[in-house]
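J.: Coordinates only, no sequence provided:
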């Protein structure tokens, strides 16, 4: 028997949360992009805000594929995740 199924009711439905997936994806991407921007000497907050506000990927360095990683996620998704996490802490 698959170890991940051991002790679980086979009839139980597992719920999938797109919010949790998006949160994880955005979080890991932002961490990687911030690290790359810091390595290059940029203020990561200013650069990311510039990108989100303008849509110009030139705000994100290509160092360590940061630009590719950042542009692989819709800007609206990044804003949604950041706002959802901020509001949940109020």
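T.: Everything's here; your move. The structure displayed is predicted, hence computed values, not measured ones.

J.: I'd like the distance from the longest helix belonging to the chain to the chain centre, please.
T.: Identified as the longest helix of the chain according to DSSP state H is helix 18-39. Mean C-alpha position of helix 18-39 versus that of the full chain (CA atoms, centre = their mean, to the nearest Å) differs by 4 Å.

J.: Now the helix or strand hosting residue 52: average pLDDT?
T.: Take DSSP states H and E as the rule and residue 52 turns out to sit in helix 44-54. Averaging pLDDT along helix 44-54 yields 97.

J.: Now the element after that helix, going C-ward?
T.: Moving toward the C-terminus from helix 44-54, the next helix or strand (DSSP H and E) is helix 66-71.

J.: Report the contact partners of the residue nearest the centre of the chain.
T.: The residue lying closest to the centre of the chain (CA atoms, centre = their mean) is residue 26, at 0.7 Å. Residues near residue 26 by CB atoms under 8 Å, 6 or more residues apart in numbering: 73, 77, 78, 81, 82. Just so you know, the C-beta spots here come from the backbone N, C-alpha and C atoms, and that holds for glycine as well.

J.: Just the buried residues of those residues.
T.: 73, 78, 81, 82 (16 or more other CB atoms under 10 Å).

J.: Would you tell me which one of the contacts of residue 26 comes nearest to residue 11?
T.: residue 81 (33.0 Å; CB to CB).
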